[in-house]
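Participant: The following block contains a protein sequence and its predicted model.
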Amino acid sequence: MSTEPGNHCWKRIGTWGDRSCPELKTHMHCRNCPVYSAGAVQLLDAEVPESYLAEQARHYAQAKTETRPGARSAVIFRLADEWLALPTTVFREVAPLRKIHSLPHRRDRVVTGVANVRGELLVCVSLADALGITGAGAGGTAARLAVVSRDGDRFVFVADEIAELARYDDADLGPVPATLAHAQATYTRGMLAWRDRTVGVLDDQLLFYTLNRSLT
């Protein structure tokens, strides 16, 4: 039987056809038939067209696009109109809003009181005041309590919105714009492009240092 392209018997009457080939009784499967083996040899010995070689050469000559999973991860959240991010490693829990109990004789606006989270009283802080962010917030339906911890220090703050987790590399961070408020710029490591916005990635070590100082 012919092994020319378009006349492959194994596709018409063989294993991949209607199985009417009488040789199937002997060989059980086309792979065991000498006609199929001869077709495979013919295919391997066929000369590769120049057009195919040229097409493959163009394909493999194209510049490869590198994809990076991102060495760092951060949780993106909003305070008033500002989008910010802190490392995922400092986040412990995101909880629904609950009553913040004020502390008497406190003049520091950063410490707003204490909140009961799963039976634990945690110091509640205002990141907006610590960063010098002004504007209305902490009242929408998307507002949440965020519990953060670093080196044994635990705080809770109100975020007007918790967006999502983002992965990035340090090389992805852009410079801090000169128009950013001085206090916020001090705590910002760089700006991260996210969706159609820019997010200020905060220096968690410096921020926790400031929060601890606010307790004294």
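Facilitator: Received the coordinates, thanks.
Participant: rest of the way, CA atoms for contacts and neighbours
Facilitator: Fine.
Participant: name the helices or strands packed onto the helix or strand harbouring residue 199?
Facilitator: Using DSSP states H and E, residue 199 falls within strand 197-202. If you count contacts as 3 or more C-alpha pairs under 8 Å, 6 or more residues apart in numbering; DSSP states H and E, strand 197-202 packs onto strand 82-87, strand 188-194.
Participant: Would you tell me which one of those strands is buried the most?
Facilitator: strand 82-87 (a mean of 20; mean count of other C-alpha atoms under 10 Å).
Participant: Just list what that one packs against, helices and strands only.
Facilitator: strand 72-79, strand 197-202.
Participant: what pLDDT, on average, does that strand get?
Facilitator: Averaged over strand 82-87, pLDDT sits at 96.
Participant: same question, stretch 144-153
Facilitator: pLDDT averaged over stretch 144-153 gives 95.
Participant: next one: stretch 37-48
Facilitator: 76.
Participant: In it, which residues are buried?
Facilitator: Within stretch 37-48, the residues that count as buried by 16 or more other C-alpha atoms under 10 Å are residue 39.
Participant: Please export the C-alpha coordinates of it as CSV.
Facilitator: The C-alpha trace of stretch 37-48 is given here as CSV (Å, rounded to 0.1, in the frame of the first residue of the first chain):
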residue,chain,number,x,y,z
SER,A,37,7.1,1.4,9.7
ALA,A,38,8.0,2.1,6.1
GLY,A,39,5.8,5.3,6.2
ALA,A,40,7.6,6.5,9.3
VAL,A,41,11.0,5.9,7.7
GLN,A,42,9.9,7.8,4.6
LEU,A,43,8.7,10.7,6.7
LEU,A,44,12.0,10.9,8.6
ASP,A,45,14.0,10.7,5.4
ALA,A,46,12.0,13.4,3.7
GLU,A,47,13.8,16.7,2.8
VAL,A,48,12.7,19.6,5.0
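Participant: and the angle from the next helix or strand after the strand holding residue 199 to strand 82-87?
Facilitator: Scanning forward in sequence from strand 197-202 by DSSP H and E, the next helix or strand is helix 204-214. Using axes from the mean of the first three to the mean of the last three C-alpha atoms, to 10 degrees, the direction of helix 204-214 lies 100 degrees away from that of strand 82-87.
Participant: Off-centre distance for helix 204-214?
Facilitator: 27 Å (C-alpha atoms, centre = their mean, to the nearest Å).
Participant: List the contacts of it.
Facilitator: 86, 87, 90, 108, 110, 111, 125, 130, 150, 153, 187 (C-alpha atoms under 8 Å, 6 or more residues apart in numbering).
Participant: Among the residues you listed, name the buried ones.
Facilitator: 86, 87, 90, 110, 111, 125, 130, 187.
Participant: Cross-check the contact I'm expecting between the first one and residue 74.
Facilitator: Yes. Here residue 86 lies in contact with residue 74, judged by C-alpha atoms under 8 Å, at a distance of 5.3 Å.
Participant: Right, I'll call it a day here.
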